[in-house]
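K.L.:
have a look at this prediction, sequence included:
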Number of protein chains: 2
Amino acid sequence: MTSTDDRLARLALTLLTEPGDPRLSDLVEEIGAAEVRDHLLAERDLNGVRSDIATRLDDIDPARVLREATERGMRFLIPGDAEWPTQLDDLHHAEPVFDRGGPPLGLWVRGPLDLRALALSVAVVGARSCTSYGDELAAQMSAEVAQGGVAVVSGAAFGIDRAAHRGALAGDGHTVAVLACGVDRAYPAAHRDLLDHLARHHAVVSEAAPGWSPTRIRFLSRNRLIAALSGGTVVVEAAVRSGSLSTANWASRLGRQVMAVPGPVTSAQSEGVHELLRAGGATVVSRAAHILEAVGGVGEHLLEAPRAPTRPRDRLPIRDQQVLDAVPVSHPAAAASVARTAGVALTEVQHILDRLDQAGLVVRLDSGWRLAAAARA
Amino acid sequence: MTSTDDRLARLALTLLTEPGDPRLSDLVEEIGAAEVRDHLLAERDLNGVRSDIATRLDDIDPARVLREATERGMRFLIPGDAEWPTQLDDLHHAEPVFDRGGPPLGLWVRGPLDLRALALSVAVVGARSCTSYGDELAAQMSAEVAQGGVAVVSGAAFGIDRAAHRGALAGDGHTVAVLACGVDRAYPAAHRDLLDHLARHHAVVSEAAPGWSPTRIRFLSRNRLIAALSGGTVVVEAAVRSGSLSTANWASRLGRQVMAVPGPVTSAQSEGVHELLRAGGATVVSRAAHILEAVGGVGEHLLEAPRAPTRPRDRLPIRDQQVLDAVPVSHPAAAASVARTAGVALTEVQHILDRLDQAGLVVRLDSGWRLAAAARA
């Protein structure tokens, strides 16, 4: 079996079946694509596949499909190709959901980007009908993630998907659209310019053959592909039933990082995100640095938790603070009075007051102690 | 030792020491309050306590303090009193933080509410300088929580605390303010009316003796008390360094539910909340029902996750959906064509089409099948 045979056999199977049919990927894994194809064409059945594809058997011509697609600037990647994203192999080990599962038999690609770039990538997905909050955040975070050298994967849909691609472009990074239809089709049609731009400078990817329209089953398959291609999935806004949650679910099942950007709890567009967080299915991310820390290169993006600026008094031991709190702002008090207010032993208070004096936090006057200007801030 | 002795001994110790000093609660637990007091008054030391309190020993008069406070409508509860909130015992088992820890030696209370009402309660805390988002949510959630029969505990501070008390009042439920100063003082002064109202109809609680002013150490002690009195703590808005996060930390250490209301990630007032969530220190709550589910009476407030309204097609098996998706909207198609588009076996498609027909989702015409109006919705 030459590589061309394997490619044409896999292509034939993708033309005969719906993407993500785990029966097919299992069979191909077991006996090879050419054997599966030949078996089915010889009117023999394998796990019920033949009856499903019977009506399609007559008019497929993989060689012609490949030739015409190649002429139109598309390529059909298969496992073993240098460019094949090997992270898709993880799909071998995940149980199917809604009858979809398994790694793709092949990937149609339009665009110059080598898909190995997705070794460092994150999916940014979310609501189609997003709010301006989600739109701006998805774009801003994607821009910063892309600037950080991490490619942004999304589905080219309205709303968050579009903002993610647009942001990555603004951040001058790589971005890949994974479609439920053929890579030569524009879905949604309003995103034709965006998809053409991605195909010229980045990549548009699909399991579905050129010309195929998007259907429910292909969207379900596509979601698993977005999750499997990326190092993690970020959900920015999602209503309670949102396709992006199925992507998050796949990411989780594949051991990928699942991240969620919270929003106002008063927003229906964040309700699905909050339910995902409540279920323990995702980590909160509130800025791009959190995403880079999770999916960026090893050790490259380690992040310290944000800290409010500390005042000098905050660095004091608690008993020193207790004494400092007992020192009057303006009318000086004797050490014994400070000790009484603080509830700290007088001898200790005297030591602490000396320390606070050296630190410039209290002032010693003839009549006693009062706060220095620095401690009043 | 009579109960009056114990009460006066504990009161003496609270006048001599700062609230939440774990040395005191440990000693009292071990040898009793009267013994600790007598030991200290006899100029003997116990774990360094005597030197801390030396300057206060001369002018305390517990009996007078108790008499005057009682005349002014305050009471001093101690363990063993019927009204004592026994959930405070959990503080025995938690390690001190910032030198504060242990259960209170006693509790000053102003107001008619029996503190046993706090057996069903939740703390609602957060930023002093909150946004209108946080203010409205805290009030709304507290109102619904109170309506659900759960008392709302907070600290009477500006911002979220005030909104929490106000909301609980609007919800016609119980609410308790836990102060860092004496229960007879109004801190902040702007909340005098609120505190007076709580003292008339609910309760104001503190470890600090009447007349005492709020200090840093008393705020730290107060936060542990808010956490320990309530069945859980909800943080609504918190900047990166916020006292409410110390309350959440105490709640967590005491095995209480810790809940956090997320907000826009663009809001500094939600940054501390999101960091708490990122650290895995809290569960997301986005409405009062979530809080009631967590702290409400057993089985009373069980909650189903929200579901978007399902359409008839969403309840179909996935292969039925696959076939339905392949049925044309207007121009009828033969079953073989539907099977080809769906990638499902023709015999199965024929069965499924019959089922879909019975469900009113497709229409059979002479020329084939098309969608029914119900499936187009």
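P.N.:
Nice, thanks for sending it over. Keep in mind the model is a prediction, meaning the values are calculated, not measured.
K.L.:
most proximal residue of the stretch 1-150 of chain A with respect to chain B?
P.N.:
Nearest residue of the stretch 1-150 of chain A to chain B: residue A:51, at 3.5 Å (C-beta to the nearest C-beta). The way it works is simple: take the backbone N, C-alpha and C, and place the C-beta from them, glycine included.
K.L.:
so how many other residues sit close to that residue?
P.N.:
The tally of other residues near residue A:51 (other C-beta atoms under 10 Å in any protein chain shown) stands at 14.
K.L.:
sketch out the low-pLDDT regions of chain A for me.
P.N.:
By pLDDT under 70, the weakly predicted segments of chain A are A:1-2, A:297-310, A:377.
K.L.:
quick check: domain ranges of it?
P.N.:
Domain assignment of chain A by automatic domain parsing yields the ranges A:72-295, A:312-376.
K.L.:
residues in contact with stretch A:42-61?
P.N.:
Residues outside stretch A:42-61 that contact it (C-beta atoms under 8 Å, 6 or more residues apart in numbering or on different chains) are A:12, A:15-17, A:21, A:23-24, A:26-27, A:36, A:39-41, B:336-337, B:339-340, B:343-348.
K.L.:
I'd guessed residue A:17 sits against residue B:344; true?
P.N.:
No. Counting by C-beta atoms under 8 Å, residue B:344 is not a contact partner of residue A:17; they are 10.4 Å apart.
K.L.:
what residues are up against residue A:248?
P.N.:
Contacts for residue A:248 (C-beta under 8 Å, 6+ apart) come out as A:125, A:227, A:233, A:235, A:258, A:260, A:276, A:281, A:282.
K.L.:
what about it, distance to chain B?
P.N.:
Here the criterion is C-beta to the nearest C-beta, to the nearest Å. By it, residue A:248 lies 15 Å from chain B.
K.L.:
do the same with residue A:211
P.N.:
Taking C-beta to the nearest C-beta as the measure, residue A:211 falls 13 Å from chain B.
K.L.:
where does that residue land in three-state SS?
P.N.:
coil (DSSP: H, G, I helix; E, B strand; the rest coil).
K.L.:
quick check: phi and psi at the closest residue to it other than its chain neighbours.
P.N.:
Counting by C-beta to C-beta, 6 or more residues apart in numbering or on different chains, residue A:211 lies nearest to residue A:182, which is 5.0 Å off, once chain neighbours are set aside. Backbone geometry at residue A:182, expressed as degrees, to the nearest 10, gives phi -60, psi 150.
K.L.:
right, and residue A:182 touches residue A:215 too?
P.N.:
No. Residue A:182 is not in contact with residue A:215 according to C-beta under 8 Å; the separation is 11.9 Å.
K.L.:
quick one on the thing from earlier: highest mean neighbour count out of the domains of chain A?
P.N.:
With neighbours defined as mean count of other C-beta atoms under 10 Å in any protein chain shown, the domains of chain A peak in mean count at domain A:72-295, which reaches a mean of 22.
K.L.:
could you find the closest non-adjacent residue to the residue most central in space within chain A?
P.N.:
Against the mean C-alpha coordinate of chain A, by C-alpha atoms, centre = their mean, the closest residue is residue A:233 at 2.4 Å. Sequence neighbours aside, residue A:251 is the residue nearest to residue A:233 in space, at 3.8 Å (criterion: C-beta to C-beta, 6+ apart).
K.L.:
from chain B, how far out is the one you found?
P.N.:
Taking C-beta to the nearest C-beta as the measure, residue A:251 and chain B are separated by 18 Å.
K.L.:
please, which helix or strand holds that residue?
P.N.:
helix A:243-253 (DSSP states H and E).
K.L.:
neighbouring strands - and their directions - for the helix or strand just after that helix?
P.N.:
Next in sequence after helix A:243-253, counting helices and strands by DSSP H and E, comes strand A:257-261. Counting by DSSP bridges, the strands paired with strand A:257-261 are strand A:232-236 (parallel), strand A:283-284 (parallel).
K.L.:
which residues of the stretch 251-377 of chain A lie near chain B?
P.N.:
Residues of the stretch 251-377 of chain A lying near chain B by C-beta under 8 Å from any C-beta of the partner chain: A:261-266, A:270-271, A:274-275, A:277-279, A:283-287, A:290, A:305-308, A:318-319, A:321-322, A:325-326, A:336-337, A:339-340, A:342-348.
K.L.:
in helices, which of those appear?
P.N.:
Using DSSP state H, A:271, A:274-275, A:277-278, A:290, A:318-319, A:321-322, A:325-326, A:336-337, A:339-340, A:342, A:346-348 are the members of these that sit in helices.
K.L.:
where do the strands sit along chain A?
P.N.:
Listed in chain order, the strands of chain A (DSSP state E) span A:74-77, A:107-110, A:121-126, A:151-154, A:175-179, A:203-206, A:232-236, A:257-261, A:283-284, A:362-365, A:368-371.
K.L.:
among those, which is nearest residue B:94?
P.N.:
Checking these against residue B:94 by C-beta to C-beta gives strand A:283-284 as the closest, at 26.2 Å.
K.L.:
run through who's touching that closest one.
P.N.:
A:257-262, A:277, A:290, A:294, B:262, B:274, B:277-278.
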